[in-house]
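Enquirer: Need coordinates for the below:
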Amino acid sequence: MIVKEYYKTREDGVELYKTYSDIDHKIKNTITGQVVNGFAIDVSEKAYYEELEEPLSTTMTFQNAVNIVREKQRILHKVQSTTNIINRMKLTNEQSLDVKELYPTWESYIGKTIRYGFITLHNGNLWKSRQTHIAQEVFPPSLDTASLYEVIVKSHEGTKDDPIPFTTPMEIFKDKYYTQDGVLYLCIRDSGIALTHNLKDLVGIYVHIAS
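Expert: Model prediction:
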């Protein structure tokens, strides 16, 4: 859709119009109003400009302003889309760890709902949500919040030849082999929860020392 807007009247009386695409016109209307750094923009666009390395100047042209808005929208949309898409791709642990920087940070979800199975990045580690909950700043992913989050590690077969390195908090499964501190363990029953104790303290409860 093309929008025409009156520009000026020439000396011979001919009225001149500028034409914009629908999106141009929408942006133009959006950035008209409040003055920030000498340039009129709307409050709703203020966040875009406050993040710019270079402040807007009084000499900035309308087209430059439009380009900046478009670029900020493109970047923000790409980031938001990527963080949403990456969680829907059901990657393996190895694949997830290879691109962990593409996952949303846990801090960006404080005060928001994190659904079951959703993965976030915190302190350099990927954490999978064990239940749907609202992220609270005082309860970040850690050993203390094992009921909410489980750390993601590289996958192993869980066989005697390819045991799973045990890292708390982690859920373990019957008949799978795990290693911790150089000791090989065989899980004798599903834990059902992410365990926060070392395997040596769980011998006879969840694991046996493998021969």
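Enquirer: Stretch 170-183: which residues count as buried?
Expert: 170, 172, 176-178, 180 (16 or more other Cβ atoms under 10 Å). Heads up, the C-betas are built off the backbone N, CA and C, glycines and all.
Enquirer: cool, and stretch 87-101?
Expert: Buried, per 16+ other Cβ under 10 Å, within stretch 87-101: 87, 91, 96-97.
Enquirer: Show me the helices in the protein, by range?
Expert: Assigned by DSSP state H, the chain shows helices spanning 22-30, 46-50, 62-88, 93-98.
Enquirer: sorry, back to before: got the buried residues of stretch 170-183 as JSON lines, with distance to residue 210 columns?
Expert: Formatted as JSON lines, the buried residues of stretch 170-183 follow (distance: Cβ to Cβ, whole Å):
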{"residue": "170", "distance to residue 210": "17"}
{"residue": "172", "distance to residue 210": "13"}
{"residue": "176", "distance to residue 210": "11"}
{"residue": "177", "distance to residue 210": "6"}
{"residue": "178", "distance to residue 210": "9"}
{"residue": "180", "distance to residue 210": "12"}
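Enquirer: between those, which is closest to residue 122?
Expert: residue 170 (16.0 Å; Cβ to Cβ).
Enquirer: so the closest one bridges to which residues?
Expert: residue 195 (DSSP bridges).
Enquirer: what do you get for residue 149?
Expert: Beta-bridge partners of residue 149, as defined by DSSP bridges: residue 129.
Enquirer: okay, now it: neighbour count?
Expert: Applying other Cβ atoms under 10 Å, we find 29 residues neighbouring residue 149.
Enquirer: Distance-wise, check it relative to residue 118.
Expert: Going from residue 149 to residue 118 by Cβ to Cβ, to the nearest Å gives 10 Å.
Enquirer: tell me, what's touching those two both at once?
Expert: By Cβ atoms under 8 Å, 6 or more residues apart in numbering, residue 149 and residue 118 have these common neighbours: 128-129.
Enquirer: follow-up on the earlier one: tell me the one among the buried residues of stretch 170-183 nearest to residue 155.
Expert: residue 176 (11.5 Å).
Enquirer: phi, psi of that closest one?
Expert: Phi and psi for residue 176, reported as degrees, to the nearest 10, are phi -100, psi 150.
Enquirer: OK, contacts around it?
Expert: 158, 163-164, 186-187.
Enquirer: Confidence-wise, which of the helices of the chain is weakest overall?
Expert: The minimum mean pLDDT among these belongs to helix 46-50 (a mean of 41).
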